[in-house]
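Peer 1: can't give you the sequence, but here's the structure:
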C-alpha cells in the first residue's frame, strides 16, 4: 500500500527491522501484512514507520504518550498475576483503521507532539520496579508498530525480573512475530470479529492473519494467551458469529484460553451505534461456555458473575471480581501448587506465583524519564 503522508523532516529516528528494497527503489515494510511500499520521506499507514534515506526507521523509539499504573485485569488478563499492578504505556499510531477504536486519541494520532514522555528501556523497567509493578504492558496502541522499542523494553524488564505483556490486534507477519513473542510473557489479542467482511470494512485488515497469530502464540510460544472481542451492536454480535468464533477457539486453541466479551461504547467514527446491552454480553458468554470454553468473561459492564473465575471441575468460585476489585480468592498457593482450586484441587490454567495481589481498581499516572523533545528538534 502506498498511501501515506509525506514529510521531509521525520524528527528523531531509530533503525527499523524487517524491510527490503523493491526494484523501483521504494522500500517495503515487512512488519505487518499491509506491506507498505514507501518512497523516501513517506510514512506507512501506521504513521510511525517510515522510509528514511532508503531504509525503514521507527520515529517513536523512546517516546511515549504517557505511563499509567493499572490493575492487570484491565488489559484484560484474568489468569496472569491476579490483583497485581502493571505499568502501561503506548506510543502513537496503528496499523489498522478500526472505525470503532476506543483509544483513537492515541492510536490515530498524527502528531508526534502528543508523545509527551521520553523514556529509555532502562528508565521504564526501573520505574516499574520502583513503583512495585510486577509487569509492564505495551498497550493503548499496538506494540507491533513499535516492535524495536517494545523488545528493548522487554529485555530491560526481564533483567530486573519483571514480566511483559502485549495488548495487540495480532496483525503481524511471521518473521517479526517470532522475534516479538519470544520476549513476551503474556498477550491479550483483540479478535475484533469473526468475518472477513468485518475486518475488511471496519478495520481494513484480514481475519486470517489474526487467526494465524493466535495459533502461533498458543502453540509456538510460552506466552500466556487471552482473547478479547468487543461486541458492536449490528456488526459482530449475532449469535451465529459468536457460535462460530467460540467453536474456532475451542478447536484451534483449546478450552482453557480465556475469552473476554467487552461492551462497545460509541466512539471515533461509529458514534451512530448504541452501547452494547449487557444482555448481549451475557448471551455471548453462555454461547461460548456451551461450546466448551471453560473461562469466558464479560467486560466494560458491571457484572460480578461474568467477571469472576470459576473452577472448571467443581464449579467453585475461585476469584471473585467486582469491576477490577478482587474481593475473594479461593486458590491454593501452598508448596508447588500455585493456583489450585481450594475445593477440589483442580489446577487453574494461568500464570500464578504464590501471591494474590491487592492493587484493586486504582489507575495512577506516573512520569517516567523526561519530557520528550519537539519532533523537529
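Peer 2: Okay, I see it. This is a predicted model, so every value here is computed, not measured.
Peer 1: which parts of this structure belong to which domain?
Peer 2: By the assignment in automatic domain parsing, the chain contains the domains 14-58, 63-364.
Peer 1: residue 181 and residue 264, how far apart?
Peer 2: 28 Å (CB to CB, to the nearest Å). Bear in mind the C-beta positions are built from the backbone N, C-alpha and C, glycine included.
Peer 1: swap in residue 51?
Peer 2: 36 Å.
Peer 1: please apply the same query to residue 334.
Peer 2: 42 Å.
Peer 1: looking at the two, which has the bigger crowd around it?
Peer 2: residue 264 (21 against 9; other CB atoms under 10 Å).
Peer 1: contacting residues around the residue most central in space within the chain?
Peer 2: Centroid-nearest residue in the chain, with CA atoms, centre = their mean: residue 167, separated by 1.1 Å. Neighbour list for residue 167: 75, 137, 138, 139, 140, 143, 187, 188, 190 [criterion: CB atoms under 8 Å, 6 or more residues apart in numbering].
Peer 1: and residue 174, by the same measure?
Peer 2: 212, 216.
Peer 1: now swap in residue 88 and tell me
Peer 2: Shown in contact with residue 88 (CB under 8 Å, 6+ apart): 67, 68, 69, 70, 74, 75, 136, 137, 139, 140.
Peer 1: which of these scores worst on pLDDT?
Peer 2: Least confident entry in the contacts of residue 88, by pLDDT: residue 140, with 91.
Peer 1: from residue 234, how far off is that one?
Peer 2: According to CB to CB, residue 140 stands 27 Å off from residue 234.
Peer 1: and those two? Which one has more around it.
Peer 2: Remark: of residue 140 and residue 234, residue 140 carries more neighbours, 21 against 8, as counted by other CB under 10 Å.
Peer 1: test my guess that that one contacts residue 89.
Peer 2: Yes. Counting by CB atoms under 8 Å, residue 140 does reach residue 89; the two are 7.0 Å apart.
Peer 1: give me the common contacts of those two.
Peer 2: With CB under 8 Å, 6+ apart as the test, residue 140 and residue 89 both reach residue 65.
Peer 1: ok, which stretches of the stretch 51-200 of the chain are strands?
Peer 2: 56-58, 63-64, 66-71, 85-90, 117-118, 135-138, 163-168, 186-190 (DSSP state E, counting those that start in this stretch).
Peer 1: dump the ones you listed to TSV, plus distance to residue 200.
Peer 2: Shown next, in TSV, are the strands of the stretch 51-200 of the chain (distance: least, CB to CB, whole Å):
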stretch	distance to residue 200
strand 56-58	26
strand 63-64	31
strand 66-71	32
strand 85-90	25
strand 117-118	35
strand 135-138	26
strand 163-168	20
strand 186-190	16
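Peer 1: of all the ones you listed, which lies closest to residue 255?
Peer 2: strand 186-190 (17.1 Å; CB to CB).
Peer 1: which strands and helices sit next to the closest one?
Peer 2: In this structure, strand 186-190 packs against strand 163-168, helix 207-220, strand 224-231, with contacts taken as 3 or more CB pairs under 8 Å, 6 or more residues apart in numbering; DSSP states H and E.
Peer 1: quick one: contacts of the longest one?
Peer 2: For helix 207-220, contacts defined as CB under 8 Å, 6+ apart pick out 33, 169-172, 174, 177-178, 181, 187, 189, 191-196, 198-199, 223, 225, 227, 248, 252-254, 257.
Peer 1: what about residue 119, how many neighbours?
Peer 2: Residue 119, neighbours per other CB under 10 Å, totals 22.
Peer 1: what's it in contact with, if anything?
Peer 2: Contacts of residue 119 by CB under 8 Å, 6+ apart are 62, 63, 64, 67, 89, 127, 368, 369, 370.
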